[in-house]
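Colleague: Predicted model, plus sequence, below.
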Amino acid sequence: MCWRKSGLPATRLELEITENVTFEHPQHALEVMQGLRSLGVRLTVDDFGTGYAALGYLKTFPFNGLKIDRSWMKDFPESQQAQSVVAGIIALARAFALTITAEGIETEAQLNQLKTALVRRGARLLPRSTDAAGCIQYASGKNRAEPG
């Protein structure tokens, strides 16, 4: 695998998987995902909230996290509907013990409201690295938030 050349352990690799990847051959997808998880690779549902995945999807496949799609964040926090959906996704992630990432946070108001929603539901915040040095620092485990 390519990650071996990096010198970093597989536990520092996170793959974002859209739900449609699992629809055509679910048993094969499950086997591949279980193999990756056994290596320590983290698996995240990408674009969560835009597809047709049922709750059984989160129960069946070995995901570590959910990535809230930017389409829900663009109207957040102004839209009550977006607030309710994001709160529901956070609660769902919490119920399945999954981490949460939100795409498209562009304003201070969005960030503050999301922090409030996460804290209310017992979630934790991890910083997003924006440059190569930050990515390397995060991947090496420095400045990583401890489990809450």
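Modeller: Nice, thanks for sending it over.
Colleague: The helix ranked longest in the chain - contacts with which helices or strands?
Modeller: Identified as the longest helix of the chain according to DSSP state H is helix 80-95. Using 3 or more Cβ pairs under 8 Å, 6 or more residues apart in numbering; DSSP states H and E, the elements in contact with helix 80-95 are strand 65-68, helix 70-73, strand 99-102, helix 108-120. (Each C-beta comes from the backbone N, C-alpha and C, glycine too.)
Colleague: Sheet partners, orientation included, of the first one?
Modeller: Spelled out, it's strand 65-68. Strand 65-68 pairs in its sheet with strand 42-48 (parallel), strand 99-102 (parallel), by DSSP bridges.
Colleague: Just give me how far it sits from the chain centre.
Modeller: Relative to the chain's own centre, strand 65-68 is displaced by 3 Å; criterion: Cα atoms, centre = their mean, to the nearest Å.
Colleague: what's in contact with that strand?
Modeller: For strand 65-68, contacts defined as Cβ atoms under 8 Å, 6 or more residues apart in numbering pick out 14, 16, 42-49, 86, 89, 92-93, 98-103.
Colleague: shaky segments in this structure?
Modeller: Low-confidence segments of the chain, defined by pLDDT under 70: 1-3, 121-148.
Colleague: count of neighbours near residue 31?
Modeller: Residues lying near residue 31 (other Cβ atoms under 10 Å) number 11.
Colleague: Correction: the previous question concerned residue 73.
Modeller: For residue 73, the neighbour count with other Cβ under 10 Å is 20.
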